[in-house]
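**Q** predicted model and sequence below, questions to follow.
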Protein chains: 2
Amino acid sequence: MNIYDIAKEAGVSISTVSRVMNNKGNVNAATRKKVEAILDKHDYTPSAIARGMVSKTMKTVAVLTVDIRVPHYARTVYTIEREFSHRGYEVAICNTGGELEETAKYLKTMLEKKVDGIVLVGSIFNTLCKKDEIGNMIKNTPVVLANGKLELPNSYSVLVDDRYGVSLAVEHLLKRGHLDMYYLKDMDTVSARLKSEGFIKALESHGVSDAKQYVIDTDRSIGGGIEAVEKLIAENKKFTAIVCGEDITATGAVKAALRAGLRVPEDVAVTGYNNSEYARICEPRLTTIDNKPEMVAMMSVQLLTSLIEQTDVYSSCVIQPELVEGKTT
Amino acid sequence: MNIYDIAKEAGVSISTVSRVMNNKGNVNAATRKKVEAILDKHDYTPSAIARGMVSKTMKTVAVLTVDIRVPHYARTVYTIEREFSHRGYEVAICNTGGELEETAKYLKTMLEKKVDGIVLVGSIFNTLCKKDEIGNMIKNTPVVLANGKLELPNSYSVLVDDRYGVSLAVEHLLKRGHLDMYYLKDMDTVSARLKSEGFIKALESHGVSDAKQYVIDTDRSIGGGIEAVEKLIAENKKFTAIVCGEDITATGAVKAALRAGLRVPEDVAVTGYNNSEYARICEPRLTTIDNKPEMVAMMSVQLLTSLIEQTDVYSSCVIQPELVEGKTT
DNA sequence: CTGAAAGCGCTTACAG
DNA sequence: CTGAAAGCGCTTACAG
């Protein structure tokens, strides 16, 4: 059933049916009634594909992310989806695993589908977009990178100052008298590097020399946090605080401390990052850094929309994290 | 730039260009080379919209869920997306909040876009599909309900036996000598009702009479778990175990017990539901029920694919949860 | 092996 | 206020 069938049954032309469906003026009230009745009777669903053929847009946006099971990405993508839905766009979701090949594959099909724009969620895309293979694909499509800096013509960036974020945690601990602290670093994305830099700079600006030695590489997981702290204890390292790049790692750090008979925060203070549900589940509740995924999402949608609809001129922006005090410091 | 431009530049007809792009046989090797060179030179991206116009499919599937920030849904949707991606389908995601109006709105746009099929993730859709408003919309499109039972012509169901799931927890506790237990129920979906029924039946089959009195309604949150247990303690109720319908609630229950100076599991045993990361973050690690979201997702994709491509004839299926022992029992 | 033509289901000037 | 016609960018028989 298509617009021709409706037109025939109503005894009008397809132009008129089209006008009725799209609520255009210039239609006689009686004619409109008649057509609407037939539309209703058949529960008529116009084809957005045919419409897209003409309008050159399917009102669709692609969101590429690493893994939507990671709560921080889930929160970001959720807000992006809701906001775009309100604006009349559908959101296609792509879990790339942060891998080049998958990213390229997803981009290829999304570009064929002529998506109106693309949001890249995760600082890993910073690195990926530097490769020509990816960079060339997206240079003609509106793109926003949620947490990263993109140097492309048709794009914007929403940057979270992660270096500042971690420095907030360090300052907070210093203020409480901690000086012997370690940083648990996971992954090796741009964002992860900025975080550990924030740790190092903050410590060094308070007189600690060669703070780099207090950065420990570990897994982004509960187990990663447990292992790292167990090793510190086993090696008899001196420390009264553990700063973590992720809440999930911090929950592991707390577990290891408690299991070793240390009191949190009396013997060891711990901070996380993300202000996630994980931080609230942790007992005691984690002191953590709110890096505002909802705000990042809102800004991303606003910027991409302005790029797509070429309305207001916005510009890339930087978002400042905040400390959220829990019971682990 | 379209297929006509390519054809002109290559000095062939659009039919030939189409054949080359789609790797159809019957093209002279030299002609193919020539066309491919031009395609490459322009980095040509054919329009999936125009293609969809002809083929009547955009190779897109809609996934409606309540809220992708809930880890259980995130895991399900993640697997659904990955699986469909491998099969050449794009996934559009819709966070309906479980609300009728939003569900109807999303369905309308998805049907206009002529999606190939729909997956409904969450037992709330069970209730929603019973309403004519929703039921009528989806009766002509392939649909799979992930965790629920659908009575529609073009649809399949993947059911998780949640009643059995909770009974596993109860049996486990009974075996360890617990008899005085409460069940923390959240929400009021079909699945939530089945869970609390599982609790009641399991207890009653072990001689406890009127087990319904041990079911407590509370919030699906950490706070919900805390409040419920604090109230039990304040009211001097006798209990040695708490069975929860969700891991998140269980983490709250554990917190409340610990804060009241009770030992877990020595004084109070606690079980969760979902085998989520929350269960592993909880200290001690939660004993919980694995309701296999990945398996639910895989089955859903398999069933929907068979419905869409009208290949093999599968049938709706039931998945059995399993107990995962932690340190809280 | 190749091309001309029809058709997919709409929207949008244009003419009346 | 209404309709005939062109066009969106492809695929697919059909003829040669």
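**A** Arrived safely.
**Q** so what's A:Leu128 up against?
**A** For A:Leu128, the contacting residues are A:98, A:100, A:103, A:134, by CB atoms under 8 Å, 6 or more residues apart in numbering or on different chains. Where C-beta positions appear, they are placed from N, C-alpha and C, glycine not excepted.
**Q** in which helix or strand does the third one reside?
**A** Here A:Thr103 is covered by helix A:100-112, with elements defined by DSSP states H and E.
**Q** what's the domain layout of chain A?
**A** What the record gives for chain A is the domain set A:3-46, A:59-160+A:293-322, A:163-290, from automatic domain parsing.
**Q** which SSE is the residue of the stretch 201-329 of chain A found nearest DNA strand D in?
**A** Closest residue of the stretch 201-329 of chain A to DNA strand D, CB to the nearest atom of the strand: A:Ile308 (17.7 Å). Per DSSP H and E: A:Ile308 is located in helix A:293-309.
**Q** now that helix: mean pLDDT?
**A** The average pLDDT within helix A:293-309 is 96.
**Q** coming back round to it: most neighbours among the contacts of A:Leu128, please name it.
**A** Most neighbours among these, by other CB atoms under 10 Å in any protein chain shown: A:Thr103, with 24 neighbours.
**Q** rewinding a little: list the strands paired with the helix or strand just after the helix holding A:Ile308, with their directions.
**A** Next along the chain after helix A:293-309, taking DSSP H and E as the criterion, comes strand A:317-319. Sheet pairing of strand A:317-319 (DSSP bridges) gives strand A:155-160 (parallel).
**Q** tilt between the strand it pairs with and helix A:293-309?
**A** 170 degrees (axes from the mean of the first three to the mean of the last three CA atoms, to 10 degrees).
**Q** contacts for the helix or strand just after strand A:155-160?
**A** Following strand A:155-160 in sequence order, the next helix or strand is helix A:162-175 (DSSP H and E). For helix A:162-175, contacts defined as CB under 8 Å, 6+ apart pick out A:147, A:181, A:183, A:191, A:194-199, A:201-203, A:206, A:241, A:243, A:245, A:269, A:271, A:273, A:287, A:289, A:291, A:320-323, A:325, A:329.
**Q** recalculate using a threshold of 7 Å.
**A** Residues external to helix A:162-175 that are found in contact with it (CB atoms under 7 Å, 6 or more residues apart in numbering or on different chains): A:181, A:191, A:194-195, A:197-199, A:201-203, A:206, A:241, A:243, A:269, A:271, A:273, A:289, A:291, A:320-321, A:323, A:329.
**Q** quick one: distance of it to the chain centre.
**A** 22 Å (CA atoms, centre = their mean, to the nearest Å).
**Q** who does the helix or strand just after that helix touch, helix- and strand-wise?
**A** For helix A:162-175, the succeeding helix or strand toward the C-terminus, using DSSP H and E, is strand A:181-185. Secondary-structure packing of strand A:181-185 (3 or more CB pairs under 7 Å, 6 or more residues apart in numbering or on different chains; DSSP states H and E): helix A:190-204, strand A:215-217, helix A:222-234, strand A:241-244.
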